[in-house]
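> Show me the folded form of this:
(one chain, ligands or ions: 1)
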Amino acid sequence: MNRWNLLAPAYDRLRRAWPLNVILERELENVRFLAGQVEQEGKTILDLGTGTGVHLKVFNPQAKVIGLDQSQRMALVGRSRCRAFILARAEHLPLKSRCIDIISAVGLLEYIRSEGKLLKELYRVGNSSGYLLITSSPRGLFTFARLLTGAKIYGREASQVIRSTDAAGYTLLRETKTFSQCAFLLRKR
Ligand SMILES: C[S@@+](CC[C@H](N)C(=O)[O-])C[C@H]1O[C@@H](n2cnc3c(N)ncnc32)[C@H](O)[C@@H]1O
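The predicted structure is shown next:
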């Protein structure tokens, strides 16, 4: 069984446990800050690796949020927090080209082996001048503690993400950092 399916029933409770709650709340503040830089009202936001959707509170309730996850059990919880939900892998989006205003991927990239392949797909579905809000986990103890989820982890430094998003056709607008997470707001060129 998919490890995320196993984790799903306990995921929100785990996130609320100390000290994880403090670390994750700090990370979320940064994501909220970056999301706040973009006009969201009436826009379509595609959120990748939505999980149970606890982080979706950073978005404007007037935006149309479409969640997406590859785990059926995560989707069971996550779909209640979104306008629509897609069960799929982020690297193969069942969507037509240039249909999304804002793409967010919070806590996803560290589980993706090839960021080039993912970014190419995100570039395809994003509107011209569409936004991308993406986070990455730098290599370090905290990131590798995520191995406890049973998932393979791909730690990436900010410089690597900046290089690969640039190569994929994105311009970096803002970036924020905590010791455990880097977050980037980018726009399609
Ligand atoms: C750490 S959780 C993050 C959940 C949520 N974004 C948050 O911040 O709480 C990672 C999620 O990414 C999903 N995921 C991992 N690889 C994926 C992929 N290739 N495509 C879509 N979802 C994926 C997992 O099923 C899991 O729900």
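> use CA for all of it now, contacts and neighbours both
OK.
> tell me the pLDDT at the residue positioned nearest the centre of the chain?
Note on the chain: the residue nearest the mean C-alpha position is residue 105, at 1.7 Å, using Cα atoms, centre = their mean. In this model, residue 105 is scored at 98, pLDDT.
> And for residue 1?
Model confidence at residue 1, given as pLDDT, is 57.
> swap in the one 3 residues further on?
Taken from the predicted model, the pLDDT recorded for residue 4 is 92.
> Where is the longest helix in this structure?
Selection of the longest helix in the chain by residue count, based on DSSP state H, yields helix 20-35.
> Please point out which parts of that one sit buried.
23, 24, 26, 27, 28, 30, 31, 32, 33, 34, 35 (16 or more other Cα atoms under 10 Å).
> Over to stretch 114-123?
Using 16+ other Cα under 10 Å as the burial criterion, the residues of stretch 114-123 that qualify are 115, 116, 118, 119, 121, 122, 123.
> Can you report phi and psi for residue 51?
Dihedral pair for residue 51: phi 60, psi -130, per degrees, to the nearest 10.
> again with residue 86
According to degrees, to the nearest 10, residue 86 has phi -120, psi 130.
> so who does it touch?
With contact set as Cα atoms under 8 Å, 6 or more residues apart in numbering, residue 86 has these partners: 66, 67, 68, 69.
> Does the longest helix of the chain reach the ligand?
No - Helix 20-35 lies out of reach of the ligand by Cα under 6 Å from any ligand atom, never closer than 8.1 Å.
> Tell me the helices and strands packed up against that helix.
Identification of packing neighbours for helix 20-35 by 3 or more Cα pairs under 8 Å, 6 or more residues apart in numbering; DSSP states H and E yields helix 3-16, strand 126-136, strand 170-177, strand 182-188.
> burial measure for residue 133, as a count.
Counted with other Cα atoms under 10 Å, the neighbours of residue 133 add up to 22.
> correct me, but it touches residue 183?
Yes - between residue 133 and residue 183 there is a contact under Cα atoms under 8 Å: 7.2 Å.
> Need the overlap of contacts for those two.
Shared contacts of residue 133 and residue 183 (Cα under 8 Å, 6+ apart): 31, 34.
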